[in-house]
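Asker: Everything below, folded, please.
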Amino acid sequence: MRQDGTRGYANNEANFSVTSMNIEDGVCLTLQRDISSSTPPAPGSFDHAVLVGKVAFFTALGIPDNDIFGTPIRNIIPRNFKGKMSKDAWSSCGSCHPDGLADGVTWNFGTGPRQTIPLDGTFNKGTDMSDSRLLNWSAIRGSNTDFNNNSRGVQFGCGFASDDFDPGQCFAKGNTTLANPAIYDHGITQGGSDALDAQTLWIFAAVRALNQPQPPANSSDAAALQRGQAIFGDKCASCHGGPKWTKSEIFHRDNPALTPVPPPPAVQMPLDPGVMNRANELRSFTFTGTLKTLTINYLEDVGTFNVNNPLEIRDNATASTALGADGFNVPSLLSINYHAPYLHSGEAETLQDVFRLHTLPALGGVTIEEALIQQGDSASDLLVFLKSIDGTTPHFRSEGDEFRDNLRLAGPFLQPPPPMTSSQ
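Answerer: Sure thing, here's the model as predicted:
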């Protein structure tokens, strides 16, 4: 802002420019000009596609659904697409996920109270977008594409997948605008629209874990870190190992049993003999192969859900009990030191609080704190290791890694038999 208050400047991070505004009249609406600060990536390039995804993620207004990867970034004008991300531009993905991470807030959603999950552990950054975790605390969603339903159902925009189905109606009809019918929880992951695919690309390519300072070698903290690492491997790694620091991994994506026609509106998750589910909550996946049958549980009951807690209600008309009785989708521990508070409801203000609330089913349901005392392990050592975890930390094998490797030995997937007909 100029010292005399007559002119303001806004840095347009994704636009590679600065906007100069005449605000002398006090209205701050008179656009003067955009001043180029550097050269944006060339349309059609990978860097351009990632940048488009950043705009789609952070705009509370909107961008076109399609035909954007060849459009210069300065030609995409979000105010011309008001109503897509949210009604009256009140929120964006970035509202809860600054820098793609987390705002530290516990929100009340249709599944119940839910602490914002940072997106740095969504994908295995060392591979490709095929290695991703199930999303949300109750594993109700399988990809970023599913969150088009947030734009429509929570933010009351028309979302980023309506132009081909109800052209030109977004601003007038809001979240009643017809949208791509293939987008529902655990539906298609790519191809809903260019804008949704670009968001997914930005999360994969640009969202990074925050690095932790590491203790000097041969220091007492380094020794504590090594001891804590051993404790973690013994008590925590089965659920919190793997390159995403969670066993949560989508194994069923190419499974024919999970590629049905879109379900009717009243059904959020298609029923399938290989999947145990409650509403659209994925609880487990069973693979029946030619050599063996394997099951992985996606949800873990770690004693952090209390059905009698009056806060455990769903944000719906009936105020029904929140999801959680079957456990929770295992969160990533990537850069966990930066993401307080913890647990699905934000009940644990510190990592130490997690130790007294989080139970270990494999050890008979005792808390982490009790297990450490029983086995003579140091809580402070485990804490040192947890606080050190970042994108550079060597990870452990998890149940997900074991399940994936065993799938390769189990033979082809056996599809369920077709339903009986009257002639049979």
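
Asker: what ranges of the protein fall below the confidence cut-off?
Answerer: Counting by pLDDT under 70, the chain shows low-confidence ranges at 26-33, 253-279, 317, 415-424.

Asker: how about the strands of it, start to end?
Answerer: Ranges of strands in the chain, per DSSP state E, are 7-12, 17-22, 30-36, 106-109, 112-115, 275-278, 281-288, 293-297, 299-300, 328-329, 359-360, 366-367.

Asker: which secondary structure elements does the fifth one contact?
Answerer: Meaning strand 112-115. Helices and strands touching strand 112-115, as assessed by 3 or more C-beta pairs under 8 Å, 6 or more residues apart in numbering; DSSP states H and E, comprise strand 106-109. Yep, even glycine has a C-beta here, placed from its N, CA and C like the rest.

Asker: Return the set of buried residues in the strand it packs on.
Answerer: 106, 109 (16 or more other C-beta atoms under 10 Å).

Asker: list the helices and strands it packs on?
Answerer: Using 3+ C-beta pairs under 8 Å, 6+ apart, strand 106-109 is in contact with strand 112-115.

Asker: Can I get the longest helix along the chain in CSV, CA atoms only?
Answerer: Ordering each helix of the chain by length in residues (DSSP state H) puts helix 220-235 first. What follows is helix 220-235, C-alpha atoms only, in CSV (Å, rounded to 0.1, in the frame of the first residue of the first chain):
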residue,chain,number,x,y,z
SER,A,220,22.0,-37.4,23.0
ASP,A,221,19.0,-36.4,20.8
ALA,A,222,20.3,-38.6,18.0
ALA,A,223,20.6,-41.5,20.3
ALA,A,224,17.0,-40.9,21.6
LEU,A,225,15.9,-40.7,17.9
GLN,A,226,17.4,-44.1,17.2
ARG,A,227,15.7,-45.7,20.3
GLY,A,228,12.4,-44.0,19.3
GLN,A,229,12.8,-45.4,15.8
ALA,A,230,13.1,-48.9,17.2
ILE,A,231,10.0,-48.4,19.4
PHE,A,232,8.1,-47.1,16.4
GLY,A,233,9.0,-50.1,14.3
ASP,A,234,7.8,-52.4,17.0
LYS,A,235,4.5,-50.7,17.9
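
Asker: Okay, buried residues for that helix please.
Answerer: Buried residues in helix 220-235 (16+ other C-beta under 10 Å): 224-225, 227-229, 231-232, 235.

Asker: Quickly name whichever of these is closest to residue 408.
Answerer: Each of these was scored against residue 408 by C-beta to C-beta, and residue 232 proved nearest at 26.7 Å.

Asker: how about the nearest residue to that closest one, chain neighbours excluded?
Answerer: residue 385 (5.4 Å; C-beta to C-beta, 6 or more residues apart in numbering).

Asker: hang on, that neighbour packs against residue 223?
Answerer: No: taking contacts as C-beta atoms under 8 Å, residue 385 lies outside contact range of residue 223: 11.4 Å.

Asker: Neighbours of residue 199, how many?
Answerer: 24 (other C-beta atoms under 10 Å).

Asker: can you tell me which residues contact it?
Answerer: 53, 56-57, 93, 144, 160 (C-beta atoms under 8 Å, 6 or more residues apart in numbering).

Asker: same check, this time on residue 401
Answerer: Counted by C-beta under 8 Å, 6+ apart, residue 401 has contacts 241-242, 247.

Asker: same check, this time on residue 363
Answerer: Counted by C-beta under 8 Å, 6+ apart, residue 363 has contacts 235, 371.

Asker: Distance of it relative to residue 318?
Answerer: 37 Å (C-beta to C-beta, to the nearest Å).

Asker: cool, residue 187 as well?
Answerer: Distance from residue 187 to residue 318, by C-beta to C-beta: 25 Å.

Asker: do the same with residue 61
Answerer: 33 Å.

Asker: So which of these two has more stuff around it?
Answerer: Taking neighbours as other C-beta under 10 Å, residue 61 and residue 318 compare with residue 61 leading, 19 against 7.

Asker: Is the more buried one in contact with residue 89, as I believe?
Answerer: Yes: between residue 61 and residue 89 there is a contact at 5.0 Å, judged by C-beta under 8 Å.

Asker: Number of residues surrounding residue 413?
Answerer: 16.

Asker: for residue 310, that is, sorry about that
Answerer: Residue 310: 6 surrounding residues under other C-beta under 10 Å.

Asker: what's near enough to touch it?
Answerer: Contacts of residue 310 (C-beta under 8 Å, 6+ apart): none.

Asker: next one: the one 5 residues further on
Answerer: For residue 315, the residues meeting the contact criterion (C-beta under 8 Å, 6+ apart) are 108-110, 112.
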